[in-house]
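1. Fold the following.
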Amino acid sequence: MATTRAACLAALFLFVSSGAGAAAAELSSEKPTGLSAVHIEEAEVPVTYSVPGSVVSDGRIEMSSRVVGFIQQLDVREGQKVSRGDLLVRIDPSDIAEAIRQAEAGVRASREDLDDARQDVEKYSRLAVTGAVAAETLRKAKVRVDVAQAVLDKTQAALAAAEAQKGYATITSPVDGVVVSVARRSGEMATAGTPLLTVESRETLLFKAFIAESKLALIDPKAEVPVRIDTLKGKVFQGRIRGIVPSGDDITRRYEINVILPHDPMAQDARLVPGMFGRANFILDTRKALLVPRAAIVHRGGLDGVFVLTGNVARFRWLRLGREFGDAVEAVAGLTVGETVLTGAAGTLRDGATVDIAEAGK
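-> Numbering: from 1, shown residues only. Predicted coordinates:
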């Protein structure tokens, strides 16, 4: 009985072994496809200095009144888009109209007084020839003409100032932009110099950041500055430096730098707006690095690696990766110059698999 059981177990073991061997032979006979070989060489990459910052508007305007009066109309609200020339605020012009009427009355009175003084001069001039009027009387008449002319000039200037105030009773938008804050409402009192609302232009956007004192001399003011906006899925805008404020903070030792962002045709659709967070990358120098195509990176076991081709055998090797440069990634450790890696390695490619180099290059 024991002999029979041992014979059955031996037969079962042989059957399983032969099946596993056949499967292994079938798997090893499969040739990986869709691969290509890339030789790793050193490349010049930029040395960058990344600093965080925010998008700001170069045209943030606080609108205030130059006259005192009740606000008749202020219907705009925060977030409302406005165009250049749109009416924003209308102030009650009653006081201004009254001041204009008073100034006009003053001009009329001073003009009549001047005409009367000129007539006296003409009359006294004729009488002075015959000696009927003393020379002192004629002199005083001429002085009165000069005084009346000065008074007329003064009243005309007052009238011009009063009429100019009439134009300040309405406030229009000086730019195309968005209302970001409203400090007053219709019916409230407007006083001279007090902000009523703030309009923010989207015509020119800046990226404001602060750079360290040690990097100040390394930044080329003529070089382009890539600015990556996190909210826009990492979209990169190529900006240029408008200027560095030559006065640093005494505590942080950092200097303000402003980068002009290119005009975004989608900005009016709230794509690129002030307040967005991003990072500016300033190019300081260049260095050599080993770049690996992104298509060659394989993720296994939570780590990154590549298949290195040694002869016709693909060997998997873990890598320590660095920065990304377009479609390539820097290999900080794990590769040397001149080695060959495989791109497009499928999940079925195993360590130690045989790869035909000719097929890999297709």
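2. distance between the longest helix belonging to the chain and the chain's centre?
-> Taking DSSP state H as the criterion, the chain has its longest helix at helix 94-130. Centroid displacement of helix 94-130 relative to its chain, using CA atoms, centre = their mean, to the nearest Å, is 60 Å.
3. Now Thr172: phi and psi?
-> Backbone dihedrals for Thr172, given as degrees, to the nearest 10, come out at phi -110, psi 160.
4. how about the helices of this protein, start to end?
-> Counting by DSSP H, the helices of the chain are 2-29, 94-130, 135-167, 357-360.
5. mind listing what Ala162 touches?
-> Counting by CB atoms under 8 Å, 6 or more residues apart in numbering, Ala162 touches Ile96, Ala99, Ile100, Gln102, Ala103. (Each C-beta comes from the backbone N, C-alpha and C, glycine too.)
6. Drop anything exposed from those residues.
-> Among the contacts of Ala162, the ones that count as buried by 16 or more other CB atoms under 10 Å are Ile96, Ala99, Ile100, Ala103.
7. give the contact list for the second one.
-> So that's Ala99. Ala162, Gln165.
8. for Arg253, what are its contacts?
-> Contacts of Arg253 by CB under 8 Å, 6+ apart are Ala212, Glu213.
9. cool, and Gly248?
-> Glu213, Arg254, Tyr255.
10. is the residue lying closest to Gln72 once chain neighbours are set aside in a bridge, and if so with what?
-> Using CB to CB, 6 or more residues apart in numbering and skipping residues adjacent in sequence, the residue nearest Gln72 is Arg90, 4.7 Å away. Using DSSP bridges, the beta-bridge partners of Arg90 come out as Gln73, Thr170.
11. Let me see the ranges of the strands in the stretch 251-362 of the chain.
-> 254-260, 277-293, 298-300, 303-310, 313-318, 320-325, 328-333, 340-343, 353-354 (DSSP state E, counting those that start in this stretch).
12. Poorly predicted segments of this protein, please.
-> For the chain, the stretches with pLDDT under 70 are 1-34, 264-270, 346-347, 357-362.
13. got the phi/psi numbers for Tyr168?
-> The phi/psi pair for Tyr168 (degrees, to the nearest 10) is phi -80, psi -10.
14. filter the contacts of Gly248 to the buried ones?
-> Counted by 16+ other CB under 10 Å, the contacts of Gly248 give Arg254, Tyr255 as buried.
15. before we move on, the earlier item: closest one to Ile260 out of the buried ones among the contacts of Ala162, please.
-> Nearest to Ile260 among those is Ile96, at 41.1 Å by CB to CB.
16. Not counting sequence-adjacent ones, nearest residue to the closest one?
-> Gln165 (4.7 Å).
17. quick one: the one you found from Thr194, how far?
-> 17 Å (CB to CB, to the nearest Å).
18. Tell me which of the two has more neighbours.
-> Gln165 (19 against 13; other CB atoms under 10 Å).
19. burial count for Asp115?
-> 12.
20. One more: Glu188?
-> Other residues close to Glu188 by other CB under 10 Å number 12.
21. List the residues that contact it.
-> Phe70, Ile71.
22. ok, now the one 10 residues further on?
-> Applying CB under 8 Å, 6+ apart, one finds that Thr198 lies in contact with Arg60, Ile61, Glu62, Met63, Val179, Val180, Ser181, Val182, Ala183.
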